[in-house]
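Student: Dropping a prediction and its sequence here:
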Amino acid sequence: MLVPAGAAPLDQQPYVTLANPISAERTSMRHSLLASVLEVMAGNVRQRERTWLFEIGQVYLMREGELLPDEIRRLVIAISGPRHPEAWQAADTRTPTFTT
């Protein structure tokens, strides 16, 4: 994952907290799209054997000495299940757990 030059790793950066969150679980702005895409994938793999999805969204990273966070656009792609539809001639081509 790319972090702006001179910035601390994501696990060491403070989260942007909201003064008026919409729910108790959503009090902070996200550093990464990974949690949201995994949540959506978990729901979809129960319904379908092949699941492919993507998300383009903002992440929010605080800069030291700044009042407002940097809003950085990110892309995440998640794929689960066989690479090709099942066929009587095809070998097993399941997608590995992690594919880049």
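Tutor: Ah, there it is. Treat the numbers as computed from the prediction; the structure is a model and nothing was measured.
Student: For the residue nearest to the spatial centre of the chain, which residues are in contact?
Tutor: Nearest residue to the geometric centre of the chain (CA atoms, centre = their mean): L34, 2.1 Å. The neighbours of L34, taking CB atoms under 8 Å, 6 or more residues apart in numbering as the test, are V76. Any C-beta I mention is one placed from the backbone N, CA and C, and that applies to glycine too.
Student: Tell me where this protein has helices.
Tutor: 34-45 (DSSP state H).
Student: circling back: any idea how far A78 is from the residue nearest to the centre of the chain?
Tutor: Note on L34: its distance to A78, by CB to CB, to the nearest Å, is 9 Å.
Student: sorry, back to before: let me know the pLDDT of the residue nearest to the centre of the chain.
Tutor: As predicted, L34 sits at a pLDDT of 89.
Student: Show me the strands in the chain, by range?
Tutor: 51-61, 70-80 (DSSP state E).
Student: Need these in JSON lines (columns: mean neighbour count, mean pLDDT and distance to L18).
Tutor: Formatted as JSON lines, the strands of the chain follow (neighbours: other CB atoms under 10 Å; pLDDT from 0 to 100; distance: least, CB to CB, whole Å):
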{"stretch": "strand 51-61", "mean neighbour count": "15", "mean pLDDT": "92", "distance to L18": "10"}
{"stretch": "strand 70-80", "mean neighbour count": "14", "mean pLDDT": "92", "distance to L18": "14"}
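Student: a markdown table for those, including distance to V16?
Tutor: Formatted as a markdown table, those follow (distance: least, CB to CB, whole Å):
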| stretch | distance to V16 |
| --- | --- |
| strand 51-61 | 5 |
| strand 70-80 | 10 |
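Student: So which of the ones you listed is nearest M41?
Tutor: Taking CB to CB, strand 70-80 is the member of those nearest to M41, at 5.1 Å.
Student: Sheet-wise, list the partners of the closest one with their directions.
Tutor: strand 51-61 (antiparallel) (DSSP bridges).
Student: Report the angle between the strand it pairs with and helix 34-45.
Tutor: Relative orientation of strand 51-61 and helix 34-45, computed by axes from the mean of the first three to the mean of the last three CA atoms, to 10 degrees: 160 degrees.
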